[in-house]
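Student: Sequence and predicted model, in that order:
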Amino acid sequence: MERKFKYEVMKEIKERWSPRAFDEAPVEKDELMAVLEAASYAPSCFNEQPWRFIVADDENKLKRLRGILAPSNQEWANRAPVLILIASKKNFEHNNKNNKWHEFDAGTAWGFMALEAQRRGLITHAMGGFDKEKAYREFNISDEYDLITVVALGRYGDKSNLSKELQEREQPAARKGIDELILNV
C-alpha cells in the first residue's frame, strides 16, 4: 500500500512502519549502539532523559526477554535478533518528585531510535503485549521505573515465516490525514 503525504516529510518518517517479518541475522554492535545513542538526543523535561534500556542481543538475554512477551508477540518476535525493554524512571533525579512526563519522554526516545534504525536499513516493532510483573522479577527492576514497551530490532526477513493472518497484515498501515488529527475547538 502506497502511503500518500500532503506535505514534504523526512524520508525515514514516511517509510517507517512496524513489520513483523524479521531476519534472524545479528545486528552489528556499532549499529545497535548508534540506534540507542539516537535516543539520547530526544528532548525530555528538565533534560532528565528518564529512559533506560535492557538490551538483549545474545541468546541468554534474548531467551529471558522473549519469556516475558505475550504468546501472540512471541509468534513473530522470537526471530528478532535484538529485543530492547524500555523502562522509564518515574521521579526526577534533581528533586525526587513525580515526573509526570517520563512516559512521554521515553516515547520520544523510542521514536528517535525507530527513525535511526530506519535510516540504517533496520526495522523496529514496539510491543505493549508483555508481562510487566514478570519482567520486573526476571530482570530485578526497581519499582522506581515504569516498564513502557519491548522493541524488536533487526532486518526485514521472509514474511512466509509468519502465520497466514500475519502475512496478510504485513504491510504499512493507512495513516489518518492531517485534517483528522487537528481538533477544531
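Tutor: Looks like it arrived, so ask away.
Student: Which neighbouring elements make contact with the helix ranked longest in the chain?
Tutor: Ranked by residue count, the top helix of the chain under DSSP state H comes out as helix 102-119. Contact analysis of helix 102-119 by 3 or more CB pairs under 8 Å, 6 or more residues apart in numbering; DSSP states H and E lists helix 11-15, helix 29-40, strand 51-56, strand 82-89, strand 123-127, strand 145-156 as its packing neighbours. The C-beta positions use only the backbone N, C-alpha and C, and glycine is treated the same way.
Student: roughly how far is the least confident helix or strand in the chain by mean pLDDT from the heart of the chain?
Tutor: Ranked by mean pLDDT, DSSP states H and E, the helix or strand of the chain with the weakest confidence is helix 178-181, at a mean of 87. In terms of CA atoms, centre = their mean, to the nearest Å, the centre of helix 178-181 is set 25 Å apart from its chain centre.
Student: How about residues contacting that helix?
Tutor: Lys6, Tyr7 (CB atoms under 8 Å, 6 or more residues apart in numbering).
Student: List the buried residues of that helix.
Tutor: By neighbour count on 16 or more other CB atoms under 10 Å, the buried set for helix 178-181 is empty.
Student: next one: stretch 85-96
Tutor: Using 16+ other CB under 10 Å as the test for burial, stretch 85-96 gives Leu85, Ile86, Ala87, Ser88, Lys89, Lys90, Phe92.
Student: Same list as before, the residues you listed that is, but in TSV and with distance to Lys134 and pLDDT included.
Tutor: What follows is the buried residues of stretch 85-96, written out as TSV (distance: CB to CB, whole Å; pLDDT from 0 to 100):
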residue	distance to Lys134	pLDDT
Leu85	11	98
Ile86	16	98
Ala87	14	98
Ser88	18	98
Lys89	20	98
Lys90	19	98
Phe92	28	98
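Student: Quick check: of these, which lies closest to Pro43?
Tutor: Looking at those and their distance to Pro43, the nearest is Ser88, at 14.3 Å (CB to CB).
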